[in-house]
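K.L.:
Got a sequence here, can you build the structure:
(2 chains)
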Amino acid sequence: GAGVSQSPSNKVTEKGKDVELRCDPISGHTALYWYRQRLGQGLEFLIYFQGNSAPDKSGLPSDRFSAERTGESVSTLTIQRTQQEDSAVYLCASSPGGRGLNEKLFFGSGTQLSVL
Amino acid sequence: QQQVKQSPQSLIVQKGGISIINCAYENTAFDYFPWYQQFPGKGPALLIAIRPDVSEKKEGRFTISFNKSAKQFSLHIMDSQPGDSATYFCAASYGGATNKLIFGTGTLLAVQP
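P.N.:
Next comes the predicted model:
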């Protein structure tokens, strides 16, 4: 596709359930980011993948959150035992790559997660 | 604490007017300052960006003014149009191992026809 694709676009789950969010970056982009956007808030950095390097997980809010990326393609963000405060839009972004060299991020439309 | 403070939270401007959004940062190591534009239901998109070696950058109707000594930067939208109605986020980063953008809290701009 031409842009970053995220699925599902909306997810409603019950408290305590696990959820998995998917991101397909732009082809050829080696860097991939996950951000969280709570209602009325800015974007909160969660995790960063760059090629085969160890990911920067410094933004993950708790050990209930984890993410994986297969090579330089698809990434999944998993939230275990969801809580109501996890309700937010989860945004994925990709960039051509390079440590600090290509700062323009291309964002997907996000996954709206609602935890009841 | 690495923070980027953005104001105002919301802004209403008449068509043809000038929209001004301000941001302030704390970390002097930041060396890249982008503005992102977000329409409802969409992800943010890069609008314009500046580095601290210049005090101003202009692209069409959009201008960033940068004051390094005050650690402030602002977005000016000239001749604002209803199509500019969106949420605007300032951000900052310092590259390094992770291009981790630190975002402001956003400004909801409404341009009235």
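
K.L.:
Any idea how far apart the tips of stretch A:16-34 sit?
P.N.:
For stretch A:16-34, the separation between the terminal residues is 22 Å (C-alpha to C-alpha, to the nearest Å).

K.L.:
same check, this time on stretch A:4-16
P.N.:
For stretch A:4-16, the end-to-end distance is 29 Å (C-alpha to C-alpha).

K.L.:
Any buried residues in stretch A:32-47, and which?
P.N.:
Within stretch A:32-47, the residues that count as buried by 16 or more other C-beta atoms under 10 Å in any protein chain shown are A:L32, A:Y33, A:W34, A:Y35, A:R36, A:Q37, A:G42, A:L43, A:E44, A:F45, A:L46, A:I47. Where C-beta positions appear, they are placed from N, C-alpha and C, glycine not excepted.

K.L.:
likewise stretch B:106-113?
P.N.:
Buried, per 16+ other C-beta under 10 Å, within stretch B:106-113: B:G106, B:T107, B:L109, B:V111.

K.L.:
How far off centre is that stretch?
P.N.:
13 Å (C-alpha atoms, centre = their mean, to the nearest Å).

K.L.:
quick one: contacts for the nearest residue to A:G42 once chain neighbours are set aside?
P.N.:
For A:G42, ignoring the flanking residues on the chain, the nearest one in space by C-beta to C-beta, 6 or more residues apart in numbering or on different chains is B:F103 at 4.0 Å. The contact partners of B:F103, taken as C-beta atoms under 8 Å, 6 or more residues apart in numbering or on different chains, are A:Y35, A:G42, A:L43, A:E44, B:V4, B:Y36, B:F89, B:C90, B:A91.

K.L.:
related to what we said a few turns ago, now tabulate the buried residues of stretch A:32-47 in a markdown table and tack on secondary structure, distance to A:G59 and pLDDT.
P.N.:
Formatted as a markdown table, the buried residues of stretch A:32-47 follow (DSSP: H, G, I helix; E, B strand; the rest coil; distance: C-beta to C-beta, whole Å; pLDDT from 0 to 100):
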| residue | secondary structure | distance to A:G59 | pLDDT |
| --- | --- | --- | --- |
| A:L32 | strand | 13 | 92 |
| A:Y33 | strand | 9 | 93 |
| A:W34 | strand | 8 | 96 |
| A:Y35 | strand | 8 | 96 |
| A:R36 | strand | 8 | 96 |
| A:Q37 | strand | 13 | 94 |
| A:G42 | coil | 13 | 85 |
| A:L43 | strand | 10 | 91 |
| A:E44 | strand | 7 | 93 |
| A:F45 | strand | 4 | 92 |
| A:L46 | strand | 4 | 95 |
| A:I47 | strand | 6 | 94 |
